[in-house]
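Novice: quick one, what's the 3D model for this:
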Amino acid sequence: MDSPQVHRSSKSEQRQEDILVAAALVFSAKGYRCSDVDEIAEKAGVGKGTVYRHFVNKETLFLATVEKAMADLSAFVNDSLDKVTCPLTQFRLAMARYLQYFDRHPGTVELFIQERAEFRRHSKPLYFVYQASHREKWLELYRRLADAGQLRVQEPEQALDLIGDLLFGAVFSHRLAGSSASLAARSESMMDMIFYGILTPHQ
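Specialist: Now for the predicted structure:
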């Protein structure tokens, strides 16, 4: 039987999760400056005081919301990779899952844009901080592709940076263009061009 302390901790963690989910919806829809903590509290089903017990101010809440989005994105991509061992299959899955995440959570891009606009004084956006902290894991995948003779580019670091930039750019352009098409539906054509290029082979 759980102790009262464990029960209280679990309930507190769930409330924090509910607040962050609500905050993501409000911030992405209204922007950081126009978002009100009262509305976030109401959407989360808690009192405003409860929000401030978890997050000291709106800035802290916003940055925690962005950090949660990054953790969710990472988990969504990585969960699928644990089920396969082939590096090429992992590579394909990772690309597809990355795009699927933004299909399911399109407002996340708005959080990235707002963070850059409102918190430029920070040394680096949280997306890139998070990306750097996981860089070695992804480099290992690219090294495995190189060892298997499947990577034409000589430097795995160069390939990793290029693919990362292409995916990030695709997500942003899709959002800013207001496209209603599925990002994930484009993953196969994107991978085809990444793997084989856009030019016909030399005769």
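Novice: so where is the protein shaky, pLDDT-wise?
Specialist: Applying pLDDT under 70 to the chain flags residues 1-9, 123, 202-203.
Novice: biggest helix in it by residues?
Specialist: helix 4-30 (DSSP state H).
Novice: moving C-terminal of that one, what's the next helix or strand?
Specialist: Next in sequence after helix 4-30, counting helices and strands by DSSP states H and E, comes helix 37-44.
Novice: that next one packs against which elements?
Specialist: Here helix 37-44 touches helix 4-30, helix 48-54, helix 58-81, going by 3 or more Cβ pairs under 8 Å, 6 or more residues apart in numbering; DSSP states H and E. All C-beta spots, glycine's among them, are computed from the backbone N, C-alpha and C.
Novice: for those, give me TSV that also has mean neighbour count and distance to residue 99.
Specialist: As requested, those are exported to TSV (neighbours: other Cβ atoms under 10 Å; distance: least, Cβ to Cβ, whole Å):
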stretch	mean neighbour count	distance to residue 99
helix 4-30	15	18
helix 48-54	15	32
helix 58-81	17	10
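Novice: a markdown table for these, including distance to residue 129?
Specialist: Formatted as a markdown table, those follow (distance: least, Cβ to Cβ, whole Å):
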| stretch | distance to residue 129 |
| --- | --- |
| helix 4-30 | 18 |
| helix 48-54 | 22 |
| helix 58-81 | 8 |
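Novice: out of those, the one nearest residue 115 is which?
Specialist: Among the helices and strands packed on helix 37-44, helix 58-81 comes nearest to residue 115, with 5.4 Å by Cβ to Cβ.
Novice: quick one: contacts of that closest one?
Specialist: Contacts of helix 58-81 with the rest of the structure, by Cβ atoms under 8 Å, 6 or more residues apart in numbering, involve 19-20, 23-24, 27, 32, 35, 37, 40, 51, 54-55, 90, 93-94, 97-98, 100-101, 105, 108, 111-112, 114-115, 118-119, 126-127, 130, 134.
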